[in-house]
Every structure is written in structure tokens, then in C-alpha cells.
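Trainee: predicted model follows, preceded by the sequence.
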Amino acid sequence: MIYLDNSATSYPKPKSVILSTNNALQHLSFNSGRGGYKESIQAAEKIYTVREKVADMFGFSPQRIIFTKNCTEALNMAICGRVKKGDHIIISSLEHNSVARVVESLQSKGIITYDIAKYSYDEDETVKNFESKIKPTTTLVVCMHSSNVFGVTFPIAKIGKLCRKNNIKFVVDGAQGAGIADINAKRDNIDILCAPGHKSLLGAMGTGFLAIGDGIDISPFAVGGTGSSSISLKQPDYYPERLEAGTLNNSGIISIGKGIDYINSIGRENMLSHEMSLCAHIYNRLSNIDAVKLYTPNPERIATMPILSFNLGNYSSEAVANMMAEHGICVRAGLHCSPLAHRHFGTIDSGTVRVSPGFTTTMAECNKFVNVVKNLAN
């Protein structure tokens, strides 16, 4: 199998991540911090260590790392937990449905209004597009770090600076960047960062986190048992318990920590460089096939993550993905849960075939993929 769908979920997982997950299931399947026995305390200590690793990687305080079941849940918590009736939100023209559907739902209920700021290859123009949407009632800007369909990145630091200047809270969807991209909340003026554990952080599926800047409060998305302040029927007002109701996913959380260890051992920059070089190679070879339509400039000339989209002749994107599967090549086709992005790039009717190499992908695998596309084009 040649796996080129890492923007959905990274695969294969590092051996250390797999072993840590198995070990946690065997030896740490205890409710962390809910018991006085040493095993429960050890589980809580292991989880806190992961909070520290996430906090260190992205520039937050450990107590303000909230573990979730995925990035979508984290984004729902961040957006719904910050807004009040009458607020105005700005999102980008490339947002995933995990943002777009949330603000659309809130608007349909009469709680908020929202506007869409257009993405541009010109960073300053993108920032101006966000600035032009600001209203007196704007309280929140929600923007992805990079597109899950086309790979292009946003000038997060510049948008964060704009938000800080206008006293607007800034939520970043780090689904396609967290782990290999250089993201630092303090430097980039990020108030809230949401990310999955199973993509570039190399952890298990069913994991994610919500990282909250100091002084930022979020109303609980769900309430319930926390193992602390149990005499009160009110949810604790301190973090992380304020937002972590119920039993945590010990093994999944620990897998994120091991994923971060693996990234640090190789070097985030080295991993990104490898994936980007493969992506550029694929792009350059596909650009020489007449029947292939590419939608973004060469990744060597724009700010992007290692993701690209294309279509082939008169084939539907789904047909191309199915034919790839017959050759043992895994890619994704369709709208990728991002109709806004497809409308922006003019592919809403066709969708695209998405290719995203990973840290273990080889040049030989990329060449085999391109050769299959070339044969299909003839």
C-alpha cells in the first residue's frame, strides 16, 4: 500500500506511539486522579506530562490544555463557549465544516451573525480582507492555519496582530499544521488553538486538544464528573476540569505525548522539509501531464503545507481515487468536508483528488503514484 492521505490521518504511526498506547491500555487503564491508589495517581501524572509537552510545543500553560476527542469537538467548544447573543464572527473563505457548520448553526438560531473573509496568495491582502469585515460587534475571528484541501496557509501571526489591535479573540484551527508547522501562541497572538492528535502529531485517532491562552475563559460545552469539587452541583471554574467532563482517553492522550517525542527526536523542520520536497516533486511531475489540472501555484513558490489537489481529464475525482485504490494507492476525493474552499477555488461541482505525503513516504512511492496518473491520462 502507498499511503498518500496523511492530511486525513497520519499513517503509519511510529512504533513508539503504538507501544505507548498498548502499554497505557495494559497498565494505565484507571480513572486519572479519581482515586487515591497509586495507579490512578500515576495515570494522572502521565496525562499531565502530555499537557506539558503540548503546552511547550505551542506556547500555552499546561493547565490550559484541554483534551478532546477530536479537533471538531475542540472547535465547537471554542466557538460556542466564547460567543453570546448579538456577537459577530469572522471566518475565512476556506474553512472546514467543523467551523463553517458551527457558525452557520449559531446564526440560524439567531445567536450570532458571521462574515467570510476571502483568502489571497498575498498575505497583506488576506489580512485586509479580514480587517474589512470587522464590525463593532465582532468578538471572534476563527481561521485555519492551512487548508485541508489545497494546502495553502494563512498569515496567522498577522491576523493575530490585527485581532489583538481590535480586542478580538483569535481562534486558530491547527488541524493541518499542528505538529509540523511552526505555531506559537504567544508570538502569533493566538488566544485559542484547536488541533487533532491523530494527524501531524502522530497520535491515535479519537484524540485532540483545545489550548486556551492565559486570561481567556470558555463556558463549559458539557458538564459532569471531574473527580474534583464533587460536593458542588456546579462545574468547577478552574482549568482543565472546567472543560473536561467525564473519563479521559488515557491511552489516546499518552499517544499524543509519544508522538511529540518522536517529532522532537527527528526535528519538526526536518519532517516538514521532507514532506514538502515530496509534495513539490509530485506537483512538478503532475504539471507535465496535459490532462492534469492543478489549482494552486508550485508549492515551492507559496506558503503551503504538504497537501495538493488535482483533477484528471474527464474523470470524476471519485473515479480517479477508485482507480488509484486498485493500484494500492490511497488518496482522497470529493469535497473533503470543505465546500467553502471548493467554492473559492471553483471546484464545488467536481471536487478534487487530494494528495498528502507523510513523514515515511518515499520518493519511489511518489513516482509510482505519478506514473499511475500518467497511464490513466493516456
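Mentor: Done, it's in.

Trainee: how about stretch 35-47: buried residues?
Mentor: 40, 43-44, 46-47 (16 or more other C-beta atoms under 10 Å). Glycine gets a C-beta too; all of them are placed from N, C-alpha and C.

Trainee: from the chain's centroid, how far away is that stretch?
Mentor: Centroid separation for stretch 35-47 versus its chain: 29 Å, with C-alpha atoms, centre = their mean, to the nearest Å.

Trainee: and what of stretch 24-42?
Mentor: With C-alpha atoms, centre = their mean, you get 29 Å for stretch 24-42.

Trainee: let's see which of the buried residues of stretch 35-47 end up in helices.
Mentor: Under the assignment DSSP state H, these contribute 40, 43-44, 46-47 to helices.

Trainee: hmm, back to that, out of the buried residues of stretch 35-47, which is nearest to Leu340?
Mentor: Ile47 (35.2 Å; C-beta to C-beta).

Trainee: gap between that closest one and Gly206?
Mentor: Remark: distance between Ile47 and Gly206 (C-beta to C-beta, to the nearest Å) = 15 Å.

Trainee: for Val152, same thing?
Mentor: Separation of Val152 from Gly206 (C-beta to C-beta): 28 Å.

Trainee: neighbour-wise, which of the two wins?
Mentor: Between Val152 and Gly206, counted using other C-beta atoms under 10 Å, the more crowded position is Val152 (26 against 15).

Trainee: name the nearest residue to that one, ignoring sequence neighbours.
Mentor: Spatial nearest neighbour of Val152, excluding adjacent residues (C-beta to C-beta, 6 or more residues apart in numbering): Thr304 at 5.3 Å.

Trainee: how many neighbours does the one you found have?
Mentor: Residues near Thr304, counting by other C-beta under 10 Å: 24.

Trainee: again, but for Asn322
Mentor: 13.

Trainee: pretty sure Tyr295 sits against Ala341.
Mentor: No. Judged on C-beta atoms under 8 Å, Tyr295 makes no contact with Ala341 at a distance of 10.0 Å.

Trainee: what sits against the closest residue to Ile254 other than its chain neighbours?
Mentor: Leaving aside its sequence neighbours, Ile254 sits nearest to Ala24 (C-beta to C-beta, 6+ apart; 4.5 Å). Ala24 makes contact with 46, 250-251, 254-255, according to C-beta atoms under 8 Å, 6 or more residues apart in numbering.

Trainee: which helix or which strand is home to Ala24?
Mentor: For Ala24, the host element (DSSP states H and E) is helix 15-27.

Trainee: pull the distance from that helix to the chain's centre.
Mentor: 24 Å.

Trainee: and it, which residues are buried?
Mentor: Quick answer for helix 15-27 (16+ other C-beta under 10 Å): 17, 20-21, 24.

Trainee: and for Leu233, the neighbour number?
Mentor: For Leu233, using other C-beta under 10 Å, the count is 7.

Trainee: adjust the sequence numbering to begin at 377 for everything that follows.
Mentor: Understood, numbering begins at 377; the last thing we discussed is Leu609.

Trainee: that one in helix, strand or coil?
Mentor: coil (DSSP: H, G, I helix; E, B strand; the rest coil).

Trainee: mind checking how far it is from Leu619?
Mentor: 17 Å.

Trainee: repeat that for Asp613.
Mentor: On the measure of C-beta to C-beta, Asp613 and Leu619 end up 11 Å apart.

Trainee: more neighbours, these two?
Mentor: Legend: neighbour count by other C-beta under 10 Å for Asp613 and Leu619, higher for Leu619 (25 against 11).

Trainee: need phi/psi at that one.
Mentor: Main-chain dihedrals, Leu619, degrees, to the nearest 10: phi -120, psi 0.

Trainee: same check on the one 10 residues further on?
Mentor: Torsion angles at Ile629 (phi, psi; degrees, to the nearest 10) stand at phi -60, psi -40.

Trainee: which residues do Tyr671 and Ala717 both contact?
Mentor: Phe526.

Trainee: so these two - more neighbours on which side?
Mentor: Between Tyr671 and Ala717, counted using other C-beta under 10 Å, Ala717 has the larger neighbour count: 28 against 19.

Trainee: my read is the more buried one is in a helix, agree?
Mentor: Yes. Secondary structure of Ala717 (three-state DSSP): part of a helix.

Trainee: how far away is it from Ala580?
Mentor: Relative to Ala580, Ala717 is positioned 27 Å away (C-beta to C-beta).

Trainee: same check on Lys562?
Mentor: 28 Å.

Trainee: with neighbour numbers in mind, choose between those two.
Mentor: Looking at Lys562 and Ala580 with other C-beta under 10 Å, you find the greater number of neighbours at Ala580, namely 24 against 11.

Trainee: a strand runs through that one, doesn't it?
Mentor: No. Using three-state DSSP, the secondary structure at Ala580 is coil, not a strand.

Trainee: hang on, isn't it packed against Asn626?
Mentor: No. Using C-beta under 8 Å, Ala580 makes no contact with Asn626, being 10.8 Å away.

Trainee: what touches both of these two?
Mentor: Between them, Ala580 and Asn626 share no contacting residue, judged by C-beta under 8 Å, 6+ apart.

Trainee: tell me the most packed of the contacts of Ala400, by neighbour count.
Mentor: Going by other C-beta under 10 Å, Ser631 tops the contacts of Ala400 with 31 neighbours.
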